[in-house]
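**Q** Fold the following and give me the result.
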Amino acid sequence: MKKIILDTNFLMIPAQFKVDIFGEIKKVMNYNYQLFVLKGTIEELNNIIEKQTGKNKSAAKIALKLIKAKGLKILDINQKPVDEILIDLSKDYIIATQDKELKKKIKHKIILRERKKMELQNVL
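**A** Numbers count the residues shown, from 1 in each chain. Next comes the predicted model:
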């Protein structure tokens, strides 16, 4: 069973680019998998809703609704910033992210290509 953690910016893709991230992940995964989100990611989304306006705010609201609707498991790890936690966990988890710096530091990842299709890189 592969474990995938969805990063904040990845969860905002459905509202920003009209891409069904869950359907696309299903297409690229040839394995059984389970989806996770960090508690810090939920905090980041709530922070975006509080402090930003417009497209980012509505994308964060949709992301929170998707987390709940899809029943994503929440990893309660908060001792470091979210990006550092993702880097640490990337040894055992596939990280779904659009963060440019994270993509350089993480080997096993799912990314969005050309704003429309998912790509799995360096599977565990």
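**Q** Would you mind listing the outside residues contacting the lowest-mean-pLDDT helix or strand in the chain?
**A** The helix or strand of the chain with the poorest confidence is strand 117-121; it has a mean of 79 (mean pLDDT, DSSP states H and E). Under the criterion C-beta atoms under 8 Å, 6 or more residues apart in numbering, residues 21, 24-25, 27-29, 94, 107-113 lie in contact with strand 117-121. (Each C-beta comes from the backbone N, C-alpha and C, glycine too.)
**Q** Quick one, which of these are buried?
**A** Ile21, Glu24, Ile25, Met29, Ile94, His108, Lys109, Ile110, Ile111, Leu112 (16 or more other C-beta atoms under 10 Å).
**Q** Just the angle for the host helix or strand of the last one relative to strand 117-121, thanks.
**A** Secondary structure assignment for Leu112, by DSSP states H and E: strand 109-113. Strand 109-113 and strand 117-121 are oriented at 150 degrees to each other (axes from the mean of the first three to the mean of the last three C-alpha atoms, to 10 degrees).
**Q** Check the average confidence over strand 109-113, would you?
**A** In this model, strand 109-113 has a mean pLDDT of 86.
**Q** same check, this time on stretch 94-106
**A** 93.
**Q** Relative to Asp88, how far out is the nearest residue to Ile62 once chain neighbours are set aside?
**A** Nearest residue to Ile62, sequence neighbours excluded (C-beta to C-beta, 6 or more residues apart in numbering): Ala15, at 4.3 Å. Going from Ala15 to Asp88 by C-beta to C-beta, to the nearest Å gives 28 Å.
**Q** Check Asn32 too.
**A** 24 Å.
**Q** Strands of the chain, residue ranges please.
**A** Using DSSP state E, the strands of the chain run over 2-6, 33-38, 73-75, 94-96, 109-113, 117-121.
**Q** Would you convert those into JSON lines that also reports distance to Lys103?
**A** Shown next, in JSON lines, are the strands of the chain (distance: least, C-beta to C-beta, whole Å):
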{"stretch": "strand 2-6", "distance to Lys103": "14"}
{"stretch": "strand 33-38", "distance to Lys103": "17"}
{"stretch": "strand 73-75", "distance to Lys103": "20"}
{"stretch": "strand 94-96", "distance to Lys103": "9"}
{"stretch": "strand 109-113", "distance to Lys103": "6"}
{"stretch": "strand 117-121", "distance to Lys103": "9"}
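**Q** Fine, thanks again, bye for now.
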